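Visitor: Need coordinates for the below:
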Amino acid sequence: MSYRMMVAIVLCCHYLSAFSALGMPLFLPIMLQELNAPLQSGWVGLLFILPTLMTAIAARYWGSFADTYGRKTSLLRAELGLAVGFLICGFSQSLWQLVIGLSVQGLFGGTMAASNAYLATSITDKNALKQVLNFTQFSARLALITAPIGLGFLVHYYEVLSLYRVLAILPLLALLLSFLLKKDVIKADNVSTSTKTTQLPKASTKTKTKTKTKTNNSNSNTAKSDKKETQHSAQSLTSTAFFANPYLFISVLQFFLAFCMVATFPYFLPFAKTFGLSTSQIGQLYAMPHVMYLICQLLYGRISQRLPATSLSLGFTVLASAVLLHLTDYLPLIWLARMLFGVGMFMCYQSLHAQMADTNQSKHSGKIFSRYDALAKWGGVLAGLSVTLFVPMFGLISPFVLSAMMAVIAIITIKMYQEKYSNIV
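Guide: I've put the predicted structure just below:
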């Protein structure tokens, strides 16, 4: 199978799997009405984050599963898990059956991490991997565009829960297509028998060099001085461990980005209804950031050289500005805010994917991308819980304020990193 065919199949399968998983949560308030469930606002936020929470809990286990039994096997597992979860949701007759369906969807899903792990194992060139990781986000954004708009029209004619039964066909189709992929080879050294953790790069090469130099000159130092120097080195290593560990630092920034985005999702439907929009118009407004993401991605070849080196910091700045612009009562400015939100997402993801490609270890790609995706899921969980708590107290604008606050925290974190290292994210 050719390289292009392999990438095309993975991206197509990811889109088919993401269509329902990313599009249906927008209509959770309508699902609760169909089930005659309590319509308190808290239920919307809790159900919205439930699949995300389950995916975050299961991520480390599926990462080890992928590195042990193969990334293709893990991808097939994720697609089948989504299909089963959708069917349970589609046949739900009560709130608790819907909870079970969403839980199964989260526990046995995780197609983003599974797809990225397979691609990272199959692609060794860093530039090619960076581009492909961008396109997995492209497929996710495409799903977030087409699903709300398409489903927004369908909910006028069909019950929302019944749509789950039909949409289960999509991950099953992805499952069939994934069987065409070449099985990745699991080498003996891919699974560590001595430790269950991924061997990450050391915190600081300079620290090692200094330590060796001090060891060579130990005969000229007193025992007391050696002890103090050793303690100082240990403290220095501990204080910089967070920033020097590339996987941890990138994953934490992914956490911030996920929080910024997800905080604005669960209550967007009732927020947009305050402007007197129809369901289909709300779907279009909801999808606008992802439209902008796709436009920026398609133009990326032309504008990549013009982006500043601190594009991640600037991306979070744009995100903060965009979410605060949602606080206006003027609808045209809301549309502008949605467009700026998409530009900010694009800039953040471009930088994160470049860093992931530079630090990728293909033999541990299952664990690496599962943990990377898990922190994104935990960011979504925390965002969902936060807005569930604050919306009843402070209203529908509170999610946008929380999102802006997290973006500012991310910018401060990046600035702290810049002060310690010259290879700025």
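
Visitor: Just the mean pLDDT for the helix or strand residue 21 falls within, thanks.
Guide: Assigned by DSSP states H and E, residue 21 belongs to helix 3-23. In this model, helix 3-23 has a mean pLDDT of 89.

Visitor: can you check stretch 299-310 too?
Guide: The average pLDDT within stretch 299-310 is 62.

Visitor: All the strands of the stretch 201-350 of the chain, in order from the start?
Guide: According to DSSP state E, counting those that start in this stretch, the stretch 201-350 of the chain carries no segments that qualify as strands.

Visitor: Now do the same for the residue nearest to residue 315 when sequence neighbours are not counted: its pLDDT.
Guide: Nearest residue to residue 315, sequence neighbours excluded (CB to CB, 6 or more residues apart in numbering): residue 347, at 3.2 Å. For every residue, glycine as well, the C-beta is placed using N, CA and C. At residue 347, the model reports a pLDDT of 87.

Visitor: if I pick residue 347, what's in contact with it?
Guide: 307, 311, 312, 314, 315, 318 (CB atoms under 8 Å, 6 or more residues apart in numbering).

Visitor: Run the angle between whichever strand or helix holds residue 101 and helix 3-23 for me.
Guide: Using DSSP H and E, residue 101 sits within helix 95-107. Taking axes from the mean of the first three to the mean of the last three CA atoms, to 10 degrees, helix 95-107 and helix 3-23 form an angle of 160 degrees between their directions.

Visitor: Which strands or helices does the next helix or strand after helix 95-107 pack on?
Guide: Remark: after helix 95-107, the chain's next helix or strand is helix 111-122, criterion DSSP H and E. Counting contacts by 3 or more CB pairs under 8 Å, 6 or more residues apart in numbering; DSSP states H and E, helix 111-122 is packed against helix 3-23, helix 41-69, helix 71-90, helix 126-154, helix 365-394.

Visitor: Out of those, the one nearest residue 279 is which?
Guide: Closest approach to residue 279 among the helices and strands packed on helix 111-122 is made by helix 126-154 (5.0 Å; CB to CB).

Visitor: next SSE after that closest one?
Guide: Using DSSP H and E, the helix or strand that directly follows helix 126-154 along the chain is helix 160-167.

Visitor: list the buried ones in that following helix?
Guide: Neighbour counts over helix 160-167 (16 or more other CB atoms under 10 Å) mark 160, 161, 163, 164, 167 as buried.

Visitor: Looking at those, which is nearest residue 2?
Guide: For these, the nearest to residue 2 is residue 167 (30.4 Å; CB to CB).

Visitor: Verify the stated contact: residue 317 with residue 412.
Guide: No. If you go by CB atoms under 8 Å, residue 317 and residue 412 don't touch, sitting 11.6 Å apart.

Visitor: out of those two, which sits in the more crowded spot?
Guide: Remark: of residue 317 and residue 412, residue 317 carries more neighbours, 17 against 12, as counted by other CB atoms under 10 Å.

Visitor: Tell me, what's the model's pLDDT at residue 100?
Guide: Confidence at residue 100, expressed as pLDDT, is 94.
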